[in-house]
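[1] Give me the fold of what follows.
(chains A and B)
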Amino acid sequence: MSPHHPAADAEASGERATAAPETAAPILELRGLRVDIAGSRILQGVDLTVPATGVTALMGRNGVGKTTTVRAVLGLLPDEGHITGGQVLFGAERHDITREPTHATVRRGIGYAPEDRGVFTQLTVAENLALAERPGGTPDYALVHELFPELEQRRDQRGGTLSGGQQQMVAIARTLLNENRLIIVDEPTKGLAPRVVSEVTEVLGRAAARVPMLLVEQNLAVIRQLADRAVVLDAGRVVHTGPAAELLADRERTTTLLGVGRAAELPAAEPGSGLTDANTDASNPGAGPDPVRGPGNGNSSKGADR
Amino acid sequence: MSTFVLLTLTGFGLGALYFLIASGLALIFGLMDVLNFAHGAFLTVSAYAAWHTATTVGGVNGLILAVLTGAAVGTVLAVIVERLLIRRLYGRPKEQILVTVGLSLTIPALVQAYWGPDSRPFPVPSALSGTVPVLGANVPVNRFVLIVAAVLVLIGVRLFLDRTRYGLIVRAGVEDRHMVTALGIDVTRAFTLIFALGGALAGLAGVLGGLYFGSLSPHQGTALLIFAFVVVIIGGMHSITGVALSALTVGLVQQYANYYVAGGFGDFAVVILLAVVVLARPTPGRRSPASLLRDLLAPRRAVATTGGQP
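    Numbering: from 1, shown residues only, chains lettered A, B, ... in the order given. The predicted structure follows:
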């Protein structure tokens, strides 16, 4: 059973009663995806399945190709990047979205919160949200205001003056405004103070109760709290797939696959205890908690993997 | 004094003309990263189309129709260029520049082949051909027509950007157009719209340029385009108000320099202004003149150090 935030459990069991994860068609499937960027082979043939319910965590050290995978799915590779092989299939209908333009793929019902949050600095919070509205749909502002009351108060504030945590809330809120069939979130807790990490994780948990999620994350405590399945990348290939809890319980494997410095760094297994303790970021073992970033300085630096 | 007033209002009028051209350039570059060297060609073709209408119809009505014709021709030409040529070259800036430069050479050459190389007078209605006394100076009426047009355009573009959905898409797209597509928006439609708007403004500039100079010629657009680029570089590509202020400054500098320094010095003065602005602009790793000045006026307090850490 997946360890979820208690508040989400009631919702979750209600939402999930209808589909048995093992037999329902996956919402997203990558088959042998190969990506070259500026002549370098970054993805060597990625096979990945995101089930139609729950949270699938995409994990791996810096530079293995996590963000590149996500960008390839959405058609957001840089100009020098190309998909050189493989397929990306979306939904039970298995639409081939491999070479589809980004806006068309997103319109099928994908919400995306990128690594740098993608908040427009010159636009207000309200305008950032309004941009995410889709024609023909009814934006669910009630849900957004319920989950993010602070955004309602800051609706006229410019995106560039928000803190990192607030910008992350905007990014996640945009994915919940529409009826999406999949939410893709790339390193949402990067660069955030532990208290803010807790808030973001809680919100993601509530979002994941409604919509399946592909979560790129290196913070093991966050993964422990949210993820059902874990997919680990290394050097552009999938090297492990399986239940997240199993992976996290196997310290030796976690160390080998994720490059965590010392096995003793891993947090204890009690839910919620790891987030306010010493930094549990797998990418930076031994470092203290990150300081709170001031306003206007919220955008985290981009990770090394593309 | 009256000379100063005349120079100032003429500078405003010229600045208004520069703004009409530069605003379209700034929007296109800001959103699409396209340096549209063909912008001057849009202006030229529109000017000749407008000339034809104004000559045929005549009078103030003729001018009004000429404005509409000029804007329409500019729009259509811009949309054709964008859909047939620019759109196929997204993500390839060098090819885009080559295409727009090619157009900037071809189109005026075609215009010249059809209408001849000599400049021809632009039919100015008698109502607008006189002067207006202002503080002792006799200021030609066409200066005010240009100023009013530029102000209306500035207000109109601001309203479009601030109050409409496409304006919102443009403002976001100028910052990060990939994120705009990641929200499910087809940003290429905004591209066509902005190119069309740029074309309309170039067309308007073509007509009003004819009014201002009293004549038009096949290479007028190209000559004006250089100043428009200077205006955009000085004013910044992300603020339409910045472009307006920059256009005003360039117009004034040109007029004052031409009169108070030497005839013909105006162009040189504009280039000096450009160099000063670009060189003084703070770059990463270099401190801005403002912060250097601050240090000069308020010397730093002595810091007691042991290991050399500031």
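[2] now the strands for chain A?
    Along chain A, the segments classed as strands by DSSP state E run A:28-37, A:40-50, A:55-59, A:81-90, A:95-96, A:110-113, A:182-186, A:213-216, A:229-234, A:237-243.
[3] Please apply the same query to the stretch 151-300 of chain B.
    All strands of the stretch 151-300 of chain B, identified by DSSP state E, counting those that start in this stretch, fall at B:215-216.
[4] what does it have sitting close to chain A?
    Proximity of the stretch 151-300 of chain B to chain A (C-beta under 8 Å from any C-beta of the partner chain) is limited to residues B:168-169, B:171-172, B:175-176, B:178-187, B:238. Any C-beta I mention is one placed from the backbone N, CA and C, and that applies to glycine too.
[5] Mind doing that once more with 7 Å?
    Residues of the stretch 151-300 of chain B lying close to chain A (C-beta under 7 Å from any C-beta of the partner chain) are B:168, B:171-172, B:175-176, B:178-179, B:181-186.
[6] residue of the stretch 1-150 of chain B with the smallest distance to chain A?
    residue B:91 (4.4 Å; C-beta to the nearest C-beta).
[7] That residue and residue B:71, how far apart?
    According to C-beta to C-beta, to the nearest Å, residue B:91 and residue B:71 sit 30 Å apart.
[8] next one: residue B:260
    36 Å.
[9] Please apply the same query to residue A:85.
    Taken as C-beta to C-beta, the span from residue A:85 to residue B:71 is 49 Å.
[10] ditto for residue A:229
    Distance from residue A:229 to residue B:71, by C-beta to C-beta: 58 Å.
[11] Residue A:178 now?
    37 Å.
[12] Could you report the pLDDT at residue B:205?
    For residue B:205, the model assigns a pLDDT of 94.
[13] thought it was touching residue B:17?
    Yes. Counting by C-beta atoms under 7 Å, residue B:17 is a contact partner of residue B:205 at 6.0 Å.
[14] Between those two, which is the more surrounded one?
    residue B:205 (36 against 28; other C-beta atoms under 10 Å in any protein chain shown).
[15] Just give the nearest non-adjacent residue to that one, would you?
    residue B:20 (3.9 Å; C-beta to C-beta, 6 or more residues apart in numbering or on different chains).
[16] Ok, residue B:41 next?
    residue B:107 (3.7 Å).
[17] Quick one: neighbours of the residue in the stretch 201-310 of chain B positioned nearest to chain A, just the number.
    The stretch 201-310 of chain B approaches chain A most closely through residue B:238 (7.9 Å), counting by C-beta to the nearest C-beta. By other C-beta under 10 Å, the residues close to residue B:238 number 15.
[18] for the one 5 residues further on, same thing?
    Taking other C-beta under 10 Å as the neighbour definition, residue B:243 ends up with a count of 29.
[19] And residue B:272, by the same measure?
    Neighbours of residue B:272 (other C-beta under 10 Å): 13.
[20] Could I get the pLDDT score of it?
    Predicted confidence (pLDDT) for residue B:272: 92.
[21] ok, back up a step: turn the strands of chain A into JSON lines, including mean neighbour count.
    What follows is those, written out as JSON lines (neighbours: other C-beta atoms under 10 Å in any protein chain shown):
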{"stretch": "strand A:28-37", "mean neighbour count": "19"}
{"stretch": "strand A:40-50", "mean neighbour count": "19"}
{"stretch": "strand A:55-59", "mean neighbour count": "27"}
{"stretch": "strand A:81-90", "mean neighbour count": "18"}
{"stretch": "strand A:95-96", "mean neighbour count": "12"}
{"stretch": "strand A:110-113", "mean neighbour count": "28"}
{"stretch": "strand A:182-186", "mean neighbour count": "25"}
{"stretch": "strand A:213-216", "mean neighbour count": "26"}
{"stretch": "strand A:229-234", "mean neighbour count": "24"}
{"stretch": "strand A:237-243", "mean neighbour count": "16"}
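[22] re earlier: if any of the residues of the stretch 151-300 of chain B next to chain A are buried, put those into a PyMOL selection.
    Buried members of these, defined by 16 or more other C-beta atoms under 10 Å in any protein chain shown, are picked up in PyMOL with:
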select buried, chain B and resi 168+171+172+175+176+178+179+181+182+183+184+185
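[23] Inside helices: which ones of the residues of the stretch 151-300 of chain B next to chain A?
    Under the assignment DSSP state H, these contribute B:168, B:171-172, B:175-176, B:178-179, B:181-182 to helices.
[24] Please dump those residues into a markdown table; it should also carry pLDDT and distance to residue B:272 for every row.
    Listed next are those as a markdown table, based on pLDDT from 0 to 100; distance: C-beta to C-beta, whole Å:
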| residue | pLDDT | distance to residue B:272 |
| --- | --- | --- |
| B:168 | 95 | 38 |
| B:171 | 91 | 33 |
| B:172 | 93 | 36 |
| B:175 | 88 | 32 |
| B:176 | 91 | 35 |
| B:178 | 93 | 38 |
| B:179 | 96 | 39 |
| B:181 | 96 | 41 |
| B:182 | 97 | 43 |
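[25] Among the residues you listed, which one lies nearest to residue B:219?
    residue B:171 (34.7 Å; C-beta to C-beta).
[26] Looking at the helix of greatest length in chain B now, give me its mean pLDDT.
    Taking DSSP H as the criterion, chain B has its longest helix at helix B:2-32. Mean pLDDT, computed over helix B:2-32, is 91.
[27] gap between residue A:254 and residue A:112?
    When residue A:254 is compared with residue A:112 (using C-beta to C-beta), they lie 27 Å apart.
[28] Okay, now the unreliable bits of the chain?
    I'll assume chain A. For chain A, the stretches flagged by pLDDT under 70 are A:1-23, A:260-306.
[29] that's the wrong chain, I meant chain B
    B:283-310.
[30] List the contacts of the residue nearest the centre of chain A.
    Centroid-nearest residue in chain A, with C-alpha atoms, centre = their mean: residue A:185, separated by 2.3 Å. Each residue near residue A:185 by C-beta atoms under 7 Å, 6 or more residues apart in numbering or on different chains is listed here: A:113, A:204, A:213, A:215-216.
[31] Please convert those residues to a markdown table, extending it with distance to chain B.
    Formatted as a markdown table, the contacts of residue A:185 follow (distance: C-beta to the nearest C-beta, whole Å):
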| residue | distance to chain B |
| --- | --- |
| A:113 | 9 |
| A:204 | 18 |
| A:213 | 16 |
| A:215 | 17 |
| A:216 | 15 |
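[32] For residue A:128, state which of those is nearest.
    Using C-beta to C-beta, residue A:113 comes nearest to residue A:128 of those, at 12.0 Å.
[33] Surely residue A:147 is in contact with residue A:206?
    Yes. Taking contacts as C-beta under 7 Å, residue A:147 lies within contact range of residue A:206: 6.2 Å.
[34] Settle it for me: which of those two has more neighbours?
    Per other C-beta under 10 Å, whichever of residue A:147 and residue A:206 has more neighbours is residue A:206, with 20 against 16.
[35] Now do the more buried one against residue A:145, distance only.
    13 Å.
[36] likewise residue B:235?
    39 Å.
[37] Looking at these two, which is more packed in?
    The neighbour count for residue B:235 versus residue A:145, taken as other C-beta under 10 Å, is higher for residue B:235 (26 against 15).
[38] Give me the nearest residue to that one, chain neighbours excluded.
    residue B:246 (2.9 Å).
[39] shouldn't the one you found be in contact with residue B:234?
    Yes. Taking contacts as C-beta under 7 Å, residue B:246 lies within contact range of residue B:234: 4.4 Å.
[40] Of those two, which one has the most company?
    Between residue B:246 and residue B:234, counted using other C-beta under 10 Å, residue B:246 has the larger neighbour count: 26 against 22.
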